[in-house]
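Participant: Generate a structure from the sequence data that follows.
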Amino acid sequence: MQDAIIVNVTAPQDEAEHIADVLVRRRLAACVNIVPTVRSVYEWQGEVVQEDESLLIIKTEAALYDQVESAVKEMHSYDTPEIIAIKIERGSPEYLQWMSATLHVAKD
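Facilitator: From the prediction side, this is the model:
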């Protein structure tokens, strides 16, 4: 799987599991890890904001990125959610093969 990517998304803790579940059920992600609490510090509308969020680590492929982004935006409560894709340069061949097979299961 040469086009494997990780998409990082931060979300309110009460939304993270729902987003992860939907992405996996729609076969837009092979796996989503949820880091339950990260402390985010950022500027929003002229104010520095500090809040606890969850970090979703979404394993998917580049060809599905637009659908992942769209799905996250439809479920996310933020006006501008963090959605950042990182290319997987190398990985266990067996894991990458599992990812590919999981994402490409025929949909009925």
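Participant: So which residue of this structure lies furthest out from the middle?
Facilitator: Residue distances from the centre of the chain (Cα atoms, centre = their mean) peak at Gly46, which lies 27.1 Å from the mean C-alpha position.
Participant: I'd like to check what contacts the top helix by length along the chain. Which residues are they?
Facilitator: The single longest helix within the chain, with elements called by DSSP state H, is helix 13-25. For helix 13-25, contacts defined as Cβ atoms under 8 Å, 6 or more residues apart in numbering pick out 9, 11, 29-32, 34, 36-37, 52-54, 56, 58, 60, 68, 71-72, 75-77. For glycine as for every other residue, the C-beta is placed from the backbone atoms N, C-alpha and C.
Participant: Now the helix or strand just after it - C-alpha only, CSV.
Facilitator: Read in the C-terminal direction, the helix or strand following helix 13-25 is strand 31-44, with elements assigned using DSSP states H and E. Listed in CSV are the C-alpha atoms of strand 31-44, where the atom choice follows Å, rounded to 0.1, in the frame of the first residue of the first chain:
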residue,chain,number,x,y,z
CYS,A,31,-8.2,1.8,12.2
VAL,A,32,-8.6,4.9,14.4
ASN,A,33,-6.7,5.3,17.6
ILE,A,34,-8.1,7.7,20.1
VAL,A,35,-5.7,9.4,22.5
PRO,A,36,-8.3,10.4,25.1
THR,A,37,-6.7,13.6,26.4
VAL,A,38,-4.4,16.1,24.8
ARG,A,39,-4.1,19.7,25.9
SER,A,40,-4.4,22.0,22.9
VAL,A,41,-3.2,25.6,23.1
TYR,A,42,-4.1,27.8,20.1
GLU,A,43,-5.3,31.2,19.0
TRP,A,44,-8.9,31.5,17.9
